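1. Pasting the sequence and the predicted coordinates here, then a few questions.
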Amino acid sequence: MCGIVGAVSASAVDRELVAQMRDRLTHRGPDAAGLWTNDDGRVCLGHRRLSIVDLSPDANQPFLSPDGRHAITLNGEIYNFRALRAELELEGVRFRTRSDTEVLLEAYRRWGEACLDRLSGMFAFAIWDDERGVLFCARDRAGEKPFHYAVVGESFVFASELKALLLWPGFSRELDGTAIADYLSFGFVPDPKTVWRAARKLPPAHTLTVRLGEGSLEVGDPSPYWDLTFAPGDDAGDEGESIRQALVDAAAEMSYADVPVGAFLSGGVDSSSVIAALAASGGEVHSFAVGFDDGDYDERPFAREVAARYGTQHMERTVHPDDVESVVRDTILWHVDEPLADHSYLPTYYVCREARGSITVALTGDGGDELFAGYPKYAMLARRRGVERALSRPVTQLVAAGAHSVLPSQAWREKLGRYRQGAEQLLIGTLTTGLEPDALRAVARGPLAEALTGYDPADAVRTHLRAAPPAEVGLVNAMRYLDFKLTLGAGILTKLDRTAMAVSLETRPVYLNRHVLDVAARIRPDSLADGRRPKTALRSALRPWLPASVLDRPKLGFAMPLGRWLRGDLAWLADRAAHPRRVTELVDRDFAASLAAAHSAGETDSTAALHSLLYLDLWLERWT
């Protein structure tokens, strides 16, 4: 896990400027700093290193090929680099280090872009070919490692984090109103947008090529090299052994490092299964958990049960209300430098900080819910699928419409409304965790209102639905695809990367290992979730590993009692949200006040909306 920056320009690049950009990412790589410029001075690559494999200075980056033709700056890990190294050695390659960086560079030199098909890992990298005048950039399949870029004048600049790009002269700090609309709708800014109109994210599983000519610069469009596709097998209900073996293989491959390794243990199904897989792959296991004094949100008793079962060296930390303000203002706003509404960044940051005292690499269970249909919405989708099979789609709509008109309960009317909606509308509505389109337009002001004149945030979802149409792959698989592309890549993995890198900790999500991805894609939707509960295939597979107390309890997620705190110890924070300083440039002033009043009175639970507005307000203060 490291920080990368670079610039390719039609004229000479300012080395000192790139060094400043690089050092804005010191937290991503405190162990070493490198800078390389090609002979004509028009290409400069920078690197901050967090040493994980081959701790010697010989493995520092940017790393050059023996002939000096190629230079690479890499953020991430290539888990199968030892197997690739053995294959390359058979082809005559002689290695100078034990690093995965050198293996990746030689794999590119031998196989070109096709090397990506052979990689098991998480990565964002750029390789300069001095002979061809080409910069080749790539990002891993799930989007675990970030890659931001911008074209400013006749220069192409890139960095692991947006804050580094802000230092480039001429970079425009004009906000992208459509990105703000996406944030207020979904809680994050989807790829390829960023909050800044001038910058983009390289989407997961995409490459980008930059060509430098005599006084010219050509930046190509991002190109996909892989996609999540579903190929259900015929072994419905018999996937358990395949799932367990894939997890063990992934844990064994991903736990290799020359520094101490451990795992997060929330007490939920996914993190507990990672502990079990680590134990099955051999070796001592260190586990880390955070919790709250509020028993409704504290999963540590379940984490302790799993830790005792597998004999881990277990450590815990309690998060209190007074932990919030200083961490959000002094730490989170700097590291999470694009608006993000998922307030579980706070417990995630604290578990990362606790773990960093003992380890440098932490395996996690992120991705399990997205790949194995773990959210409650998947049970709802399975119920709808079952009803439609029994009654047909037109009859279902007719029955739902009739029932909707006579039921007195608003809650029941909302539930039945899901059966009246078309598939696209249903899936978009499920992903809209913030403001619905009509509500957003009603409260939008200034630049946000202008952006919404010709834009619908649902377009960010429709783009992906074209690759996984519900009519072809079914509702459950269409939702899995959307969660993988949006909820996971743009939201959860961004949160995980920034909070972990804030304390220089490398995190490795086991469920995103390509072997686990392959197994998940083969499971039939009928096995993944039924009408009563989600994640049925995974729970069944894990019964030999985990106690019923962990497998059969309702999903809590990595939640925190922020809503209760806003009515008590953090009431001042709710008041701050009710009287924003900058967000009123984009959102109606009375809207936040009415939300806060209703929440404080206990009339509604407006936790998510209040936090979303508050974070945006604080972000605008910090970055604009």
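-> Thanks, I have the structure now.
2. Now do the SS call for residue 207.
-> strand (DSSP: H, G, I helix; E, B strand; the rest coil).
3. And for residue 507?
-> Residue 507 - assigned by three-state DSSP - is strand.
4. secondary structure element for the residue lying closest to it once chain neighbours are set aside?
-> For residue 507, ignoring the flanking residues on the chain, the nearest one in space by Cβ to Cβ, 6 or more residues apart in numbering is residue 500 at 4.4 Å. Heads up, the C-betas are built off the backbone N, CA and C, glycines and all. Taking DSSP states H and E as the criterion, residue 500 maps to helix 493-501.
5. where's the residue nearest to residue 507 relative to residue 267, distance?
-> 20 Å (Cβ to Cβ, to the nearest Å).
6. Just the strands from the stretch 201-350 of the chain, written as ranges.
-> In the stretch 201-350 of the chain, the strands defined using DSSP state E, counting those that start in this stretch lie at 206-213, 216-219, 223-224, 261-264, 286-291, 313-318.
7. want to throw the ones you listed into TSV with distance to residue 584?
-> Output for the strands of the stretch 201-350 of the chain, formatted as TSV (distance: least, Cβ to Cβ, whole Å):
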stretch	distance to residue 584
strand 206-213	37
strand 216-219	37
strand 223-224	40
strand 261-264	38
strand 286-291	34
strand 313-318	36
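8. Please name whichever of these is nearest to residue 539.
-> The minimum distance between residue 539 and the strands of the stretch 201-350 of the chain falls on strand 261-264, with 19.7 Å, by Cβ to Cβ.
9. With mean neighbour count, distance to residue 193 and mean pLDDT as added columns, please give the strands of the stretch 201-350 of the chain in TSV.
-> Converted to TSV, the strands of the stretch 201-350 of the chain look like this (neighbours: other Cβ atoms under 10 Å; distance: least, Cβ to Cβ, whole Å; pLDDT from 0 to 100):
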stretch	mean neighbour count	distance to residue 193	mean pLDDT
strand 206-213	18	14	97
strand 216-219	14	17	94
strand 223-224	12	17	98
strand 261-264	26	29	97
strand 286-291	26	31	94
strand 313-318	16	35	94
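10. Residue 365: which of those is closest?
-> strand 261-264 (7.2 Å).
11. on contacts alone, who are the packing partners of the closest one?
-> Secondary-structure packing of strand 261-264 (3 or more Cβ pairs under 8 Å, 6 or more residues apart in numbering; DSSP states H and E): helix 269-280, strand 286-291, helix 345-356, strand 361-364.
12. what's in contact with that strand?
-> 255, 271, 274-275, 278, 285-289, 351, 355, 358-365, 507 (Cβ atoms under 8 Å, 6 or more residues apart in numbering).
13. what about the helices and strands packed on strand 261-264, which gets the closest to residue 582?
-> By Cβ to Cβ (comparing all of those), the closest turns out to be helix 345-356, at 20.2 Å.
14. so that closest one versus strand 313-318, what angle?
-> For helix 345-356 against strand 313-318, the angle by axes from the mean of the first three to the mean of the last three Cα atoms, to 10 degrees is 140 degrees.
15. what mean pLDDT does helix 345-356 have?
-> Average pLDDT, helix 345-356: 94.
16. Just the CA trace of that helix, in PDB.
-> Provided in PDB are the C-alpha atoms of helix 345-356 (Å, rounded to 0.1, in the frame of the first residue of the first chain):
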ATOM      1  CA  TYR A 345     -15.700   5.700   8.600                       C
ATOM      2  CA  LEU A 346     -15.400   6.500  12.400                       C
ATOM      3  CA  PRO A 347     -15.300   2.900  13.700                       C
ATOM      4  CA  THR A 348     -13.400   1.900  10.700                       C
ATOM      5  CA  TYR A 349     -10.700   4.500  11.400                       C
ATOM      6  CA  TYR A 350     -10.500   3.400  15.000                       C
ATOM      7  CA  VAL A 351     -10.100  -0.300  14.300                       C
ATOM      8  CA  CYS A 352      -7.400   0.600  11.800                       C
ATOM      9  CA  ARG A 353      -5.600   2.800  14.400                       C
ATOM     10  CA  GLU A 354      -5.900   0.100  17.000                       C
ATOM     11  CA  ALA A 355      -4.600  -2.500  14.600                       C
ATOM     12  CA  ARG A 356      -1.700  -0.400  13.400                       C
END
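17. got the buried residues for it?
-> Within helix 345-356, the residues scored as buried using 16 or more other Cβ atoms under 10 Å are 345, 346, 347, 348, 349, 350, 351, 352, 353, 354, 355, 356.
18. if we can go back for a sec, buried only: go through the contacts of strand 261-264 for me.
-> Taking 16+ other Cβ under 10 Å as the criterion, what is buried in these is 255, 271, 274-275, 278, 285-289, 351, 355, 359-365, 507.
19. was I right about residue 260 contacting residue 286?
-> Yes: Residue 260 lies in contact with residue 286 (Cβ atoms under 8 Å); the separation is 7.3 Å.
20. what is in contact with these two at once?
-> With Cβ under 8 Å, 6+ apart as the test, residue 260 and residue 286 both reach 358, 359.
21. for residue 436, what are its contacts?
-> So residue 436 contacts 185, 429 (Cβ under 8 Å, 6+ apart).
22. one more time with 6 Å, if that's ok
-> Neighbouring residues of residue 436 by Cβ atoms under 6 Å, 6 or more residues apart in numbering: there are none.
23. Low-confidence regions, the stretch 301-450 of the chain specifically.
-> Where the stretch 301-450 of the chain drops to pLDDT under 70, the residues are 388-420.
24. can you rerun that using 50?
-> 393, 395-404, 406, 412-413 (pLDDT under 50).
25. what mean pLDDT does the helix or strand hosting residue 107 have?
-> For residue 107, the host element (DSSP H and E) is helix 100-111. Helix 100-111 shows a mean pLDDT of 98.
26. Would you confirm that residue 368 contacts residue 511?
-> Yes: with contacts counted by Cβ atoms under 6 Å, residue 368 reaches residue 511, the gap being 4.5 Å.
27. Residue 260 and residue 480: what is the separation?
-> 34 Å.
28. same thing with residue 445?
-> 36 Å.
29. more crowded one of these two?
-> residue 480 (30 against 15; other Cβ atoms under 10 Å).
30. Can you verify that one is assigned to a strand?
-> No: assignment of residue 480 by three-state DSSP gives helix, placing it outside any strand.
31. Now do the buried residues in stretch 33-45.
-> Buried-residue list, stretch 33-45, by 16+ other Cβ under 10 Å: 33, 34, 35, 36, 37, 38, 42, 43, 44, 45.
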